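**Student:** Provide a 3D model corresponding to the input given below.
(2 chains)
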Amino acid sequence: MTDILPFLKSMISVSGVSGYETPIAKIIKEKWDTLVDETSMSRVGSLHGLKKGSGKSPRPSVMIATHMDAIGMMVSKITEGFLHITKVGGIDVRVLPGAEVTVHASSGDELHGVIVMPSARLLPESVGDGVLEINYLLVDTGLTPREVEKKVRVGDLVSFANEPIDLAGDVVSGHTLDNRSSVAALTVCLEELQNKSHLWDVWAVATVQEETSYLGGYSSAFALRPQIAIAVDGTFAKGPGANGWQTFPLGKGVGLCMGPNMHPFLHKKLKELADKLEIPWFLDVAPSHSGTDAYPMQVTAEGIPTALIDFPIRYMHTPVESVAVKDIQRAGRLLAEFIASLEADFVETIIWE
Amino acid sequence: MPTFGNAQLKLLEKLTNVIGISGDEGEVRKIVIEEIKSYVDNVRVDALGNVLAIRLGRARSGKRVRVMVDAHMDEVGFFIVAEDGEGIYRFETIGGIDIRFLIGKQVFVGRDRIPGVIGGKPIHLMDGDERSRKVPLESLRIDLGPAGKANVGDRAGFATKFRRVGPSIMAKSIDDRIGVATLIELLKNAPSNIDLCAAFTVQEEIDLRGAKVAAQYFDPDLALAIDSTPAHDLPVYDGGENMSYNTKLGYGPAIYIADASTLHDPRLVRFLQETAESETIPYQFRQPGGGDTDSSAIQRSLAGIPTVSVSVPHRYTHSPVSISRVDDWKNTINLLHAALKKITPSLIAKRWTSP
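**Tutor:** All right, here's what the predicted structure looks like:
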């Protein structure tokens, strides 16, 4: 198995805030172009990679969705050279003070900045030293007000800028591992498939706007009409502050998710395969909505049998999300083996008990 | 004027990228000694870890004023206090750190700079009420990864890297590595009319402990503390006038008149002001108010020492990233250099006069 870490790090070193995924799409396309037969962009910016199967045409297809967009921020107002910001996606404002960011300025410049808290003396008394809502936070770029006003406009994007770091025990930490680590898992799958035969067509899809509206999940599933769909996303790792039933140990295997959002038959097949391959897995449950691209794909067109493979990410939606590289590789391998195992008539065998 | 350019900025980069939490200033000490040793007549490390160096003047002994110039080497940070297992550690803060800065930060732990992160609970697993509460220190951990190993007693600091942005620098621990770098430059360019007693002190952030013993060792005629003071020059939330900015970036070195613990020596305040004006170096008075510097400990040492402080302003004190203006730093070096050159015994021999 190739080392996926350098590619993953390159992916979390660029931006791709929901709705503005072009920088990350370029990097993924460059990689996938070496692994699939053709790539194209959807009408709304998702990346589609087609790896053709060896079965008789017309071949059934499986769509694997990994979202490439990231939570981030946007400039909402400029005062005396300081930028006010608003959220794009689900951000806990408490992770923002002191975070280093890149301001993607209208001028074309990428400005380095830091999110700051004005001191209490400049804020309403009721705020004091409590949690500062986003309307009180500012971005300081270190530039003079004049320079800022020349370069930055309302609506410019702001993304996290901290570089990835390696933690002891095969764990990488950085921003946007949700969900670039799943894109990495899908890339591992495509690499594995280079040496395997598979009857089905494979649509590798890096979707847009999962964090905000599932736009990519809906639109690509509709455009590609796969026979089955699998989403790959992060789930919650156990760790400081997170120990409930929704959390799982970091680096101990992949999650196979069940619940109304997933087709039980696909779930069962994935479990059986993981057992056969001795890939460690745990049962993840989503009692209602999985909060992933599995949802939009399931309800697209006439409905698509859908599964969800995930793996634990610690500190999700913070700039120091952490993931075990082993889990990414396991998810990629399971995907590849599953795809290779699909018989030409697999769709007909999908049943409700 | 001392030369100012890339070499000085490189020195500041080196000084702000190393970690030296109060009580564990070794990494800074190493750089300081290396930089100054060939310029000074004597250098020693004292019982607390202060680096104390003297560069003697060339004027006739008795004519030379003994001037202590102080800058503290330590910075705020973290102290590992307990191990939770699987690479996860509890920590205490050292110095005045606002814990609202901690979630989502990368840190380095121990002398080997083991990388770690301070994480937070995912937003998905919280209700709205929890999101509006501050996360207390006892809920925060430093996470080195499942195979990570640190020791109780290790210090940790922010992993921020120095960078230049436009007219500014962004770095951790500008407070007070910018003072340390200034003092190094002054030693390298010391004028011959004084005996320059350089005190690179420890533990300023936790009670000014180093400065007290340094003053007692040097027994100077007068003292100058170089520090870095907050600039609260941000907009007020309701668009009103900012009346309590403390200092402003871009307005030059900040001369202290009064802070929470020290009324700075009026003769020295006036002297610095006059020097700045005669040399046309921009300066500002720090708004009288809170805070303190090593001046507080020095002024009260021995039989009392005439003392003043000068700071390079920075925004975002004791946070992972502070911002200062390069020109403010350059002007601080220039002002202090010009002032040292003008010091004569009459400066403090003058009797008190009403203003």
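
**Student:** which bits of the stretch 1-150 of chain A sit near chain B?
**Tutor:** With C-beta under 8 Å from any C-beta of the partner chain as the criterion, the stretch 1-150 of chain A meets chain B at residues A:79-80, A:82, A:90-100, A:111-112, A:114, A:116-119, A:121-124, A:129-132, A:136, A:138, A:140-144, A:147. For every residue, glycine as well, the C-beta is placed using N, CA and C.

**Student:** Which parts of the stretch 251-353 of chain A are strands?
**Tutor:** Here the stretch 251-353 of chain A has its strands, by DSSP state E, counting those that start in this stretch, at A:254-258, A:281-285, A:306-314, A:321-324.

**Student:** Residue 80: how many residues sit nearby?
**Tutor:** With no chain named, the answer covers chain A. 13 (other C-beta atoms under 10 Å in any protein chain shown).

**Student:** that's the other chain; I wanted chain B
**Tutor:** Neighbours of B:Ile80 (other C-beta under 10 Å): 21.

**Student:** Also the one 5 residues further on?
**Tutor:** A count of nearby residues for B:Gly85, using other C-beta under 10 Å, gives 7.

**Student:** Would you enumerate the residues in contact with it?
**Tutor:** By C-beta atoms under 8 Å, 6 or more residues apart in numbering or on different chains, the contact list for B:Gly85 is empty.

**Student:** Is it correct that B:Val67 falls within a strand?
**Tutor:** Yes - the assignment for B:Val67 (DSSP: H, G, I helix; E, B strand; the rest coil) places it in a strand.

**Student:** Domain boundaries for the chain, per the record?
**Tutor:** All of this is about chain A. As given by automatic domain parsing, the domain ranges for chain A are A:5-70+A:175-349, A:72-160.

**Student:** should've been chain B
**Tutor:** B:6-75+B:172-349, B:77-158.

**Student:** tell me the most buried of those?
**Tutor:** domain B:6-75+B:172-349 (a mean of 21; mean count of other C-beta atoms under 10 Å in any protein chain shown).

**Student:** What mean pLDDT does that domain get?
**Tutor:** On average, the pLDDT along domain B:6-75+B:172-349 is 96.

**Student:** so how far is that domain from its chain's centroid?
**Tutor:** Here domain B:6-75+B:172-349 is found 7 Å from its chain centre; the criterion is C-alpha atoms, centre = their mean, to the nearest Å.

**Student:** where along the stretch 51-200 of chain A do the strands fall?
**Tutor:** Under DSSP E, counting those that start in this stretch, the stretch 51-200 of chain A gives strands at A:61-67, A:72-79, A:82-88, A:100-104, A:110-116, A:138-140, A:157-160, A:165-167, A:171-174.

**Student:** what mean pLDDT would you report for the longest one?
**Tutor:** Going back to what we said before, that points to strand A:72-79. Mean predicted confidence for strand A:72-79 is 98.

**Student:** Wait, A:Glu100 touches A:Ser159, no?
**Tutor:** No - in this structure, A:Glu100 is not within contact of A:Ser159 by C-beta atoms under 8 Å, at 10.4 Å.

**Student:** what about residue 170, neighbour count?
**Tutor:** Chain wasn't specified; assuming chain A. A:Asp170 has 18 nearby residues by other C-beta under 10 Å.

**Student:** Oops, wrong one, chain B.
**Tutor:** Based on other C-beta under 10 Å, the number of other residues close to B:Met170 is 27.

**Student:** ok so it is a strand residue?
**Tutor:** Yes - membership of B:Met170 in a strand is supported by three-state DSSP.

**Student:** now whichever residue of the stretch 151-300 of chain B sits closest to chain A: how far from B:His314?
**Tutor:** Proximity of the stretch 151-300 of chain B to chain A (C-beta to the nearest C-beta) peaks at B:Ser168, 3.4 Å away. Computed as C-beta to C-beta, to the nearest Å, the B:Ser168 to B:His314 distance reads 10 Å.

**Student:** Overlap in contacts, these two.
**Tutor:** In contact with both B:Ser168 and B:His314: B:249, B:323-324, using C-beta under 8 Å, 6+ apart.

**Student:** Among the residues you listed, which one lies nearest to B:His124?
**Tutor:** Nearest to B:His124 among the shared contacts of B:Ser168 and B:His314: B:Ile323, at 33.0 Å, using C-beta to C-beta.

**Student:** tell me which residues form a beta bridge with that closest one?
**Tutor:** Per DSSP bridges, the residues bridged to B:Ile323 are B:Met170, B:Arg315.

**Student:** and residue 66, what is it in contact with?
**Tutor:** Went with chain A since none was named. Applying C-beta under 8 Å, 6+ apart, the residues near A:Thr66 are A:179, A:182-183, A:185-186, A:205-207, A:231-233, A:293.

**Student:** Actually, chain B is the one I wanted.
**Tutor:** B:194-195, B:197, B:218-221.

**Student:** Throw the residues you listed into JSON lines and include secondary structure and distance to B:Asp70, thanks.
**Tutor:** Output for these, formatted as JSON lines (DSSP: H, G, I helix; E, B strand; the rest coil; distance: C-beta to C-beta, whole Å):
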{"residue": "B:Ile194", "secondary structure": "strand", "distance to B:Asp70": "15"}
{"residue": "B:Asp195", "secondary structure": "strand", "distance to B:Asp70": "15"}
{"residue": "B:Cys197", "secondary structure": "strand", "distance to B:Asp70": "9"}
{"residue": "B:Phe218", "secondary structure": "helix", "distance to B:Asp70": "9"}
{"residue": "B:Asp219", "secondary structure": "coil", "distance to B:Asp70": "14"}
{"residue": "B:Pro220", "secondary structure": "coil", "distance to B:Asp70": "10"}
{"residue": "B:Asp221", "secondary structure": "coil", "distance to B:Asp70": "14"}
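
**Student:** ok, A:Lys326 - how many residues close by?
**Tutor:** 18.

**Student:** what's the distance between the nearest residue to A:Pro287 once chain neighbours are set aside and chain B?
**Tutor:** Among residues not flanking A:Pro287 along the chain, A:Gly259 sits closest, at 5.7 Å (C-beta to C-beta, 6 or more residues apart in numbering or on different chains). Per C-beta to the nearest C-beta, to the nearest Å, A:Gly259 is found 15 Å from chain B.
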